[in-house]
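Novice: Sequence first, then the predicted structure, then my questions.
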Amino acid sequence: MYEHMRKPITRQFSINSFFTAYDYNWNSTYQSEGEAHDFWEIVYVASGAVGVTEDDRVYHVVEGNILLHAPMEFHNICSAEGTHPHVVILSFDATGELPKSLTEGPFPLSNEMRAQYESIFADVKAFVDDPEQNKTQGQEGADRLASFLLRLNRRYRSELSLMKTGSAIEYTRLVETMNKAIYENLSLEELAAARHISISYIKQLFKRYAGISPKAYYARLRCTEAIRQLQAGSSVTEVSDALHFSSPSYFSAFFKKMTGQPPARYVRQRQSEWETE
């Protein structure tokens, strides 16, 4: 993690850490493995087209569009339309509240806004690559990026480009079914029966749109809900019971597998962060 401490430049939020700044050129068959993390991520499509999954939504994102992933939002990306997309990805941490509208789909940028963002990214990448040598660029990049996001929120409306194909719609419905059954420990057989489709088709859809198996995706949903309940003050036993695990010890083993830490240690390490949110 690369970090610099600074005073907030707005009353709403400030950017205080940069994690990564990547400039990718992918082939026409590229697909990532779906993930979720506790920091913000920006995806900017400099050329070509990509498909982006965010939780239960599937977007078609074209050249000149920008998209934000909120913390703990599941996301996946792949090349689209047979293109070799040029994609710029930047991740950061922020204090305060970013406008919710920034996470409601891709935003088309004007040529002037594209040039501004590409310049901001250059500053941030220089800082990430060598934080000691380019500390000033990192500070200026944080200020400029915060201003850019506020301007984007004020002047641009999200271009809601949800995919309307039958497979994308079915994927959305599958995720909605999982969310409704998040406390029930839903099996793949029960999911298939609920949607009246085959297990093999479900696996195909999740491979395409999530980049992970349906079982892994459902486990992520349940782990995220467990974290939410722990953050709200529930005990390990209470969370285990609510999510219908066979025992608190089994829940703890599941949680450690998902996060790398047992619940009690996870709560202790994150408590100070939660208290400042």
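Specialist: Looks like it arrived, so ask away. Residues are numbered from 1 along each chain as shown.

Novice: Output the contacting helices and strands for the biggest strand by length in the chain.
Specialist: In the chain, taking DSSP state E as the definition, the longest strand is strand 13-25. Applying 3 or more C-beta pairs under 8 Å, 6 or more residues apart in numbering; DSSP states H and E, we find strand 13-25 packed against strand 2-3, strand 86-96, helix 111-129, helix 135-155. Heads up, the C-betas are built off the backbone N, CA and C, glycines and all.

Novice: for the protein, what spans make up the strands?
Specialist: Using DSSP E, strands in the chain cover 2-3, 13-25, 40-47, 49-54, 57-62, 65-69, 75-79, 86-96, 107-108.

Novice: Next, format the ones you listed as a markdown table and append distance to residue 182, mean pLDDT and mean neighbour count.
Specialist: Shown next, in a markdown table, are these (distance: least, C-beta to C-beta, whole Å; pLDDT from 0 to 100; neighbours: other C-beta atoms under 10 Å):
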| stretch | distance to residue 182 | mean pLDDT | mean neighbour count |
| --- | --- | --- | --- |
| strand 2-3 | 34 | 44 | 14 |
| strand 13-25 | 28 | 94 | 17 |
| strand 40-47 | 24 | 97 | 20 |
| strand 49-54 | 18 | 95 | 22 |
| strand 57-62 | 17 | 94 | 22 |
| strand 65-69 | 21 | 95 | 23 |
| strand 75-79 | 19 | 96 | 22 |
| strand 86-96 | 27 | 95 | 18 |
| strand 107-108 | 30 | 92 | 20 |
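
Novice: To residue 207, which of these lies closest?
Specialist: Using C-beta to C-beta as the measure, strand 75-79 is the one of the strands of the chain that comes nearest residue 207, at 10.2 Å.

Novice: Need the CA coordinates for the closest one. CSV is fine.
Specialist: The C-alpha trace of strand 75-79 is given here as CSV (Å, rounded to 0.1, in the frame of the first residue of the first chain):
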residue,chain,number,x,y,z
HIS,A,75,-16.7,-7.1,-9.7
ASN,A,76,-15.3,-8.8,-12.7
ILE,A,77,-14.1,-7.6,-16.1
CYS,A,78,-13.6,-9.1,-19.5
SER,A,79,-12.8,-8.1,-23.1
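
Novice: who's in contact with it?
Specialist: Contact partners of strand 75-79, identified using C-beta atoms under 8 Å, 6 or more residues apart in numbering, comprise 26-36, 41, 43, 48-55, 69, 85, 87, 208-212.

Novice: Figure out which of the helices and strands packed on strand 13-25 is closest to residue 167.
Specialist: strand 86-96 (22.6 Å).

Novice: show me where pLDDT drops low in the chain?
Specialist: For the chain, the stretches with pLDDT under 70 are 1-11, 157-160, 271-277.

Novice: how is it carved up into domains?
Specialist: Here the domain parsing of the chain from automatic domain parsing is 2-155, 166-276.
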